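J.: what would the 3D arrangement of this be:
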Amino acid sequence: MTTGAGFDLERLIATNASAAFNRLVGLEVISAGAGEVELRMPWRDDLTQYAGHLHAGVIAALLDTACGFAAASVVGSVTASHFSMNCLRPAMGHGFIAKGTLVRAGRRQIFARAELFAESEQGEASLVATGETVLVPLAG
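T.: Got it, this is the predicted structure:
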């Protein structure tokens, strides 16, 4: 359930499917609404860097998308104006879960944060990165 002009789960799934990069990496919207979102991406050997763990560019994309979708679930269309991330440990696992949360939605700026978890084959999750995005609303 969303408030106001926000995107519901169905619209976020459609938005995700319309993004070529998200399709390329296999990103899936698991749940969304009321300023929160959960995304999933399977492990992909072709998305690693030289040391064999998930490339930081892909980590950034997962975190930024989770922030954007969390914000969109409340305010509708948004775009990022600033993004930062912290990599806490090498991102390796059977798959990845990105959880985004809306922090504050103002008229001109929207703040969101996200956490990226690596999942083992047994389903155990460990935090590998965090990110924050400042977004701006897009006109309807």
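
J.: ok, longest strand in this structure?
T.: strand 125-137 (DSSP state E).

J.: now for the longest helix seen in the chain, which elements pack on it?
T.: Taking DSSP state H as the criterion, the chain has its longest helix at helix 56-75. Other helices and strands packing on helix 56-75, by 3 or more C-beta pairs under 8 Å, 6 or more residues apart in numbering; DSSP states H and E, are helix 9-18, helix 20-25, strand 28-33, strand 36-42, strand 78-87, strand 95-105, strand 110-119, strand 125-137. Where C-beta positions appear, they are placed from N, C-alpha and C, glycine not excepted.

J.: return the most buried member of these.
T.: strand 110-119 (a mean of 22; mean count of other C-beta atoms under 10 Å).

J.: show me what it pairs with in its sheet, parallel or antiparallel.
T.: strand 95-105 (antiparallel), strand 125-137 (antiparallel) (DSSP bridges).
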